[in-house]
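1. could you look at this predicted model? Sequence included:
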Amino acid sequence: MKKAFTYFRKLPLELIFWIGALIGILRIDPYGPQHFSLCPLDNLGFTWCPGCGLGRAMSLLTKGDFQESWSMHPLAMFAFAVILFRIYELIKNLKTTKHYG
């Protein structure tokens, strides 16, 4: 148990963050009527924000609804690819250097 704990302590915080973000994206229900928003502009009452809909559009990508995802936010495919690439790079770096950095 102690060996597993020390292994997880060596994981980079950025890797944990991006994997958590990916899990959060997978758990979003894009078809639901209400959604939780961390957007400060949305919470202040503004009706337009350049980033709003990005998380739901990425969730639609994981469900295979590409056309609806594109109509919700055109940069969702790019953002999803960037997250996956960054996770891959961090894991590759972790495997080659045995530590973060």
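-> Alright, I've got the coordinates.
2. what ranges do the helices span in the chain?
-> 2-9, 13-27, 40-43, 54-62, 66-72, 76-97 (DSSP state H).
3. out of those helices, nearest to Pro33?
-> Closest approach to Pro33 among those is made by helix 54-62 (12.1 Å; C-beta to C-beta). For the C-beta atoms, the positions are set from N, CA and C on the backbone; glycine is no exception.
4. tell me the angle of that closest one relative to helix 13-27?
-> Between helix 54-62 and helix 13-27, the angle comes out at 70 degrees (axes from the mean of the first three to the mean of the last three C-alpha atoms, to 10 degrees).
5. relative to helix 76-97, how tilted is helix 54-62?
-> Using the same axes, to 10 degrees, the inter-axis angle of helix 54-62 relative to helix 76-97 is 80 degrees.
6. tell me the helices and strands packed up against helix 54-62.
-> In this structure, helix 54-62 packs against helix 13-27, helix 66-72, helix 76-97, with contacts taken as 3 or more C-beta pairs under 8 Å, 6 or more residues apart in numbering; DSSP states H and E.
7. out of these, deepest packed?
-> Of the helices and strands packed on helix 54-62, the one with the most neighbours on average (mean count of other C-beta atoms under 10 Å) is helix 66-72, at a mean of 15.
8. helices and strands around that one, which ones?
-> When contacts are defined as 3+ C-beta pairs under 8 Å, 6+ apart, helix 66-72 sits against helix 54-62, helix 76-97.
9. name the helix or strand of the protein that has the lowest mean pLDDT.
-> helix 2-9 (a mean of 71; mean pLDDT, DSSP states H and E).
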